[in-house]
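[1] pasting the sequence and the predicted model now:
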Amino acid sequence: MTASFPLPYAVFGVSGRTGAAAADALLRAGHPVRVVVRDPAKGRPWAERGAEVAVADLTDLAAMTKALSRVQGAYVVSPQHYKREDLFEMADLIAKTMARAALAADVPKLVALSSIGADRESGTGWIGMNRMFEQRLRASGVATIFLRAVYFMENWMPMVGQAVRSGTLPTFLAPPLRPVPMVATVDVGRAAAALLQEKSRGSSIVTLSGPQDYAPNDVAAIIAATLQKPVGVAVLPETEWPQALADAHFSRAALAGFTEMTRGINCAHIDIKSDPSAVERAGTTTLEQVIAELAQRQR
């Protein structure tokens with residue numbers, strides 16, 4: 001009699017925060033995991049923890065189909081290529097390949113990382129790439145839970161470093177007293193792992209925020225409390241955004257996408273409540289936990 005073993009969950013993006021958190025949560029829960037990486041070296045730490053490693057480029061249909069074959073489900077992400085002028089075209093190619101591979105592999109369930117604002121047809125900048133991802137997966141007919149996350153708390157990392165050094169927190173978000181939804185990336189990964197394990201049928205949309213909304217002033221206050229020194233807030237005018245982002249080496253198209261997205265957040269065009277069909281969930285990690293750790297690390 002041949003022993004049967006449970007099929008693994010495939011997890012993409014383990015080199016990033018949400019994929020790593022999803023794979024970690026599934027392994028801790030005792031589930032078999034297959035991490036999908038482009039660079040075999042990135043899979044070694046996961047192999048040491050007992051995960052299977054599949055190597056695939058996200059635009060290689062044959063490799064992607066193999067990576068997604070014989071799984072219980074998969075957490076899928078579409079990494080964005082901010083240094084490319086054709087980043088939107090690349091995002092669409094990845095989305096098409098992912099959708100075709102998932103269909104060919106007969107994946108029973110996907111959890112796809114997306115963003116609030118993906119329901120909007122325009123005016124969302126980078127989030128338009130999440131919308132493409134959703135549309136391609138939806139058209140494939142593969143059952144998919146679209147996990148629309150809000151603003152990542154870890155997005156503050158470079159600004160926290162500047163605040164630690166100068167005593168002033170620069171912010172693209174305005175006005176500085178207006179709270180916006182934010183979530184920790186570890187909670188995104190954990191939510192993805194939980195959704196994969198839940199018994200569900202068909203496709204749905206889930207929004208994920210943190211335990212409460214936060215304003216830029218809250219970020220400054222946490223840094224100040226951590227460092228035991230005053231920290232002010234400086235709203236960056238849009239004319240200064242290109243210079244402030246120079247170290248990121250964005251392409252012109254990527255910079256234009258960032259600008260449109262940030263405008264959309266600041267005017268509430270990109271909003272967690274905009275799609276009434278979405279089910280809301282919340283993580284438990286507070287902004288205090290994330291920002292205090294970032295500030296301590298950069299002291």
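    That came through, no problem. Numbering: from 1, shown residues only.

[2] ranges for the helices of the stretch 51-200 of the chain?
    Under the criterion DSSP state H, counting those that start in this stretch, helices of the stretch 51-200 of the chain are mapped to 61-68, 87-104, 127-140, 157-166, 185-197.

[3] just put the ones you listed in TSV and tack on mean neighbour count.
    C-betas here are computed from N, CA, C, even on glycine. Output for these, formatted as TSV (neighbours: other C-beta atoms under 10 Å):
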stretch	mean neighbour count
helix 61-68	20
helix 87-104	20
helix 127-140	21
helix 157-166	18
helix 185-197	23
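
[4] format the ones you listed as a markdown table; extra columns: mean pLDDT and distance to residue 228.
    Below are those laid out as a markdown table (pLDDT from 0 to 100; distance: least, C-beta to C-beta, whole Å):
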| stretch | mean pLDDT | distance to residue 228 |
| --- | --- | --- |
| helix 61-68 | 99 | 49 |
| helix 87-104 | 99 | 41 |
| helix 127-140 | 99 | 38 |
| helix 157-166 | 96 | 12 |
| helix 185-197 | 99 | 26 |
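
[5] can I get the ones you listed in JSON lines with distance to residue 43?
    Formatted as JSON lines, the helices of the stretch 51-200 of the chain follow (distance: least, C-beta to C-beta, whole Å):
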{"stretch": "helix 61-68", "distance to residue 43": "11"}
{"stretch": "helix 87-104", "distance to residue 43": "18"}
{"stretch": "helix 127-140", "distance to residue 43": "23"}
{"stretch": "helix 157-166", "distance to residue 43": "25"}
{"stretch": "helix 185-197", "distance to residue 43": "17"}
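
[6] quick one: which of the ones you listed is nearest residue 45?
    Judged by C-beta to C-beta, the one of those that comes nearest to residue 45 is helix 185-197, at 15.5 Å.

[7] next helix or strand past that closest one?
    Next along the chain after helix 185-197, taking DSSP states H and E as the criterion, comes strand 204-209.

[8] and the next helix or strand after that following strand, which strands flank it?
    Once strand 204-209 ends, the next helix or strand along the chain (criterion: DSSP H and E) is strand 213-214. Looking at strand 213-214 with DSSP bridges, its partner strands are strand 180-183 (antiparallel).

[9] dump the strand it pairs with to PDB, restricted to CA.
    Provided in PDB are the C-alpha atoms of strand 180-183 (Å, rounded to 0.1, in the frame of the first residue of the first chain):
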ATOM      1  CA  VAL A 180      -4.900  56.400   6.400                       C
ATOM      2  CA  PRO A 181      -5.100  52.600   6.600                       C
ATOM      3  CA  MET A 182      -1.700  51.000   7.000                       C
ATOM      4  CA  VAL A 183      -0.800  47.300   7.500                       C
END
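
[10] what does it contact?
    For strand 180-183, contacts defined as C-beta atoms under 8 Å, 6 or more residues apart in numbering pick out 116, 149-153, 173, 208-210, 213-215, 265, 272, 283, 285, 287.

[11] ok, the closest residue to residue 202 other than its chain neighbours - contacts?
    Excluding its sequence neighbours, the residue lying closest to residue 202 (C-beta to C-beta, 6 or more residues apart in numbering) is residue 143, at 5.6 Å. Residue 143 sits next to 108-110, 200-203 when contact means C-beta under 8 Å, 6+ apart.

[12] next up, phi/psi of residue 27, please.
    phi -60, psi -40 (degrees, to the nearest 10).

[13] off-centre distance for stretch 280-290?
    Taking C-alpha atoms, centre = their mean, to the nearest Å, the mean C-alpha location of stretch 280-290 is offset from the chain mean by 14 Å.

[14] same check on stretch 209-219?
    Centre to centre, stretch against its chain (C-alpha atoms, centre = their mean), the figure for stretch 209-219 is 17 Å.

[15] only the buried residues of it, if you could.
    For stretch 209-219, burial by neighbour count (16 or more other C-beta atoms under 10 Å) applies to 209-210, 213-219.

[16] if we can go back for a sec, scan the contacts of residue 143 and report the most crowded one.
    residue 110 (26 neighbours; other C-beta atoms under 10 Å).

[17] I figured that residue hits residue 138, correct?
    No: taking contacts as C-beta atoms under 8 Å, residue 110 lies outside contact range of residue 138: 10.5 Å.

[18] who touches both of those two?
    Among the neighbours of residue 110, those also in contact with residue 138 (C-beta under 8 Å, 6+ apart) are residue 144.

[19] out of the helices of the stretch 51-200 of the chain, flag the one nearest residue 251.
    helix 87-104 (6.7 Å).
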